[in-house]
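Peer 1: Sequence first, then the predicted structure:
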Amino acid sequence: MKTLLVTGGCGFIGCNFIRYVFEETDFSGTVVNVDALTYAGNPESLADLAQAHPGRYVFVKADICDKAAMAEVFDRFEVDAVCHFAAESHVDRSIVGPGAFIQTNIIGTYILLEEARKRLGKIKRFHHISTDEVYGSLGPDGYFVETTPYDPSSPYSASKASSDHLVNAYHRTYGLPTTISNCSNNYGPYQFPEKLIPLMILKAVEEMPLPVYGDGLNVRDWLYVRDHCTAVWRILNEGREGETYNIGGHNEIENIRVVQTVCDILDEILGTTPNGTRKRLVTFVKDRPGHDRRYAIDATKLFNELGWRPEESFDSGIRKTVQWFLDHEEWTNHVKSGEYQTWVEKHYGG
Ligand code: NAD
Ligand code: DAU
């Protein structure tokens, strides 16, 4: 692998992944980061890397749905591996407006697959980043395994499921050397503050109401983002072609407990407010339509075949995350301004 094309590298997981590649692996080639810079993309997240590795880190502002632009990227940089993160990623947004999800997640993935197919033999690996949400909702017991039938609930998860099927089809039909990973909920530095954990941190700091959907007993299986990155790197390099790997670290927690934990940590670091503990800010609100009740990943295949293990527990990861957001006010203020703020005002009235 000499030139790794990373799509969506200015988003949450993509920027953590590129950081990981430069900081902790022995990769000596070039990373080309293609990102359209939607509301969720922020090149600032990698500004120091761009300075530290001129020539080895290249940023191209482009839309993965732009066929001509993608063809140029593959040719100009002689791309020989792809790690595809770019997506519309927020379930609530997909409920309000599915169009962008169909476009980027399905059509965008198709465009990239086609460019890779045109270069069969040259492309050593096409790794597609996907989600556990493709499997739908679990009851109180059981885990998602790689053979769990797809049963997506939201336009977001349906679009990710479609892209997974396309990736598998390109492997079976054309022999493209693909891999897919389906990961559980990530959290950590640089996560866009529309997702549960950063949203609750920032609102709790400002002592604003903390909106918990429904009864707050929906369960998500949390993984610290750096652990997702180490798993993706392992699969990209050592995963078997045509295979899917589930990624998760057995951290199933009810939403209400996640929010209470964030409140407790903030009370500990900042002190309780004159009105008391931040838990009092929890406000139960109308449930998300089609809200999946529980996700839980069985990552045995990844453990056994590739020897991957997560390093962070939820306790250690959530503390690091709260502290990171407290230390990076400038970053959060910047990403929350502009297009995102306009969208929140339009759909939620502020
Ligand atoms: P994100 O929303 O933070 O970032 C997405 C990035 O993709 C942004 O930088 C955005 O500008 C870019 N992008 C969007 N549309 C584009 C387009 N048409 N062309 C080029 N770039 C475009 O998302 P994330 O949370 O970092 O998720 C990354 C990937 O991981 C997604 O594929 C998502 O489905 C998957 N995933 C996320 C999680 C999670 O918990 N966040 C868990 C499992 C899988
Ligand atoms: O499981 C992997 C998925 O995790 C990824 O594929 C998605 O890209 C990512 O956004 C995430 O999806 P979720 O819908 O699980 O994440 P979100 O942070 O939006 O919500 C987590 C849980 O918290 C979910 O049960 C809904 C609830 N929630 C969310 C928000 C934003 C609230 O109760 N209140 C909120 O304000």
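Peer 2: Noted; the coordinates are in hand. Numbering: from 1, shown residues only. Ligands and ions are numbered 1, 2, ... in the order given.
Peer 1: Would you mind listing the buried residues in stretch 274-288?
Peer 2: With burial defined by 16 or more other Cβ atoms under 10 Å, the residues of stretch 274-288 counted as buried are Arg278, Lys279, Leu281, Val282. No exception for glycine: its C-beta is placed from N, CA and C like everyone else's.
Peer 1: Apart from its chain neighbours, what residue comes closest to the second one?
Peer 2: Closest residue in space to Lys279, ignoring its immediate chain neighbours: Cys263 at 4.6 Å, by Cβ to Cβ, 6 or more residues apart in numbering.
Peer 1: so where does the one you found fall, helix or strand?
Peer 2: Here Cys263, judged by DSSP states H and E, is contained in helix 255-270.
Peer 1: what does Ile318 give?
Peer 2: With DSSP H and E as criterion, Ile318 is part of helix 314-327.
Peer 1: Strands of the chain, residue ranges please.
Peer 2: Secondary structure of the chain (DSSP state E): strands at 3-7, 30-35, 57-61, 81-84, 125-131, 178-183, 186-187, 210-213, 219-221, 223-224, 243-247, 252-254, 282-285.
Peer 1: Just put these in CSV and tack on mean pLDDT.
Peer 2: Formatted as CSV, the strands of the chain follow (pLDDT from 0 to 100):
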stretch, mean pLDDT
strand 3-7, 98
strand 30-35, 98
strand 57-61, 95
strand 81-84, 98
strand 125-131, 98
strand 178-183, 98
strand 186-187, 98
strand 210-213, 98
strand 219-221, 98
strand 223-224, 98
strand 243-247, 98
strand 252-254, 98
strand 282-285, 98
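Peer 1: would you list these in a markdown table and tack on distance to His328?
Peer 2: Below are these laid out as a markdown table (distance: least, Cβ to Cβ, whole Å):
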| stretch | distance to His328 |
| --- | --- |
| strand 3-7 | 22 |
| strand 30-35 | 20 |
| strand 57-61 | 20 |
| strand 81-84 | 25 |
| strand 125-131 | 24 |
| strand 178-183 | 23 |
| strand 186-187 | 14 |
| strand 210-213 | 20 |
| strand 219-221 | 23 |
| strand 223-224 | 16 |
| strand 243-247 | 25 |
| strand 252-254 | 24 |
| strand 282-285 | 24 |
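Peer 1: Flag every residue of this structure that's near ligand 2.
Peer 2: 89-91, 131-133, 184-185, 195-196, 199, 211-213, 218, 220, 255, 288, 295 (Cβ under 6 Å from any ligand atom).
Peer 1: and ligand 1, which of the residues you listed contact it?
Peer 2: Ser89, Thr131, Asn185.
Peer 1: Quick check: the second one touching Ile180?
Peer 2: Looking back up the chat, that one is Thr131. No - the pair Thr131 and Ile180 does not pass the contact test of Cβ atoms under 8 Å, sitting 10.3 Å apart.
Peer 1: where do the helices sit along the stretch 1-150 of the chain?
Peer 2: For the stretch 1-150 of the chain, the helices defined by DSSP state H, counting those that start in this stretch cover 12-24, 47-52, 67-76, 91-96, 99-101, 109-118.
Peer 1: Between these, which has the poorest mean confidence score?
Peer 2: Set side by side, the helices of the stretch 1-150 of the chain give their lowest mean pLDDT on helix 47-52, at a mean of 88.
Peer 1: State the distance from Thr148 to ligand 1.
Peer 2: As judged by Cβ to the nearest ligand atom, to the nearest Å, Thr148 and ligand 1 stand 15 Å apart.
Peer 1: Now the phi/psi pair for that residue, please.
Peer 2: As for Thr148, its main-chain torsions (degrees, to the nearest 10) stand at phi -60, psi 130.
Peer 1: Now do the contacts for the residue in the chain positioned nearest to ligand 2.
Peer 2: Nearest residue of the chain to ligand 2: Thr131, at 3.1 Å (Cβ to the nearest ligand atom). Going by Cβ atoms under 8 Å, 6 or more residues apart in numbering, Thr131 touches Ser157, Lys160, Asn182, Cys183.
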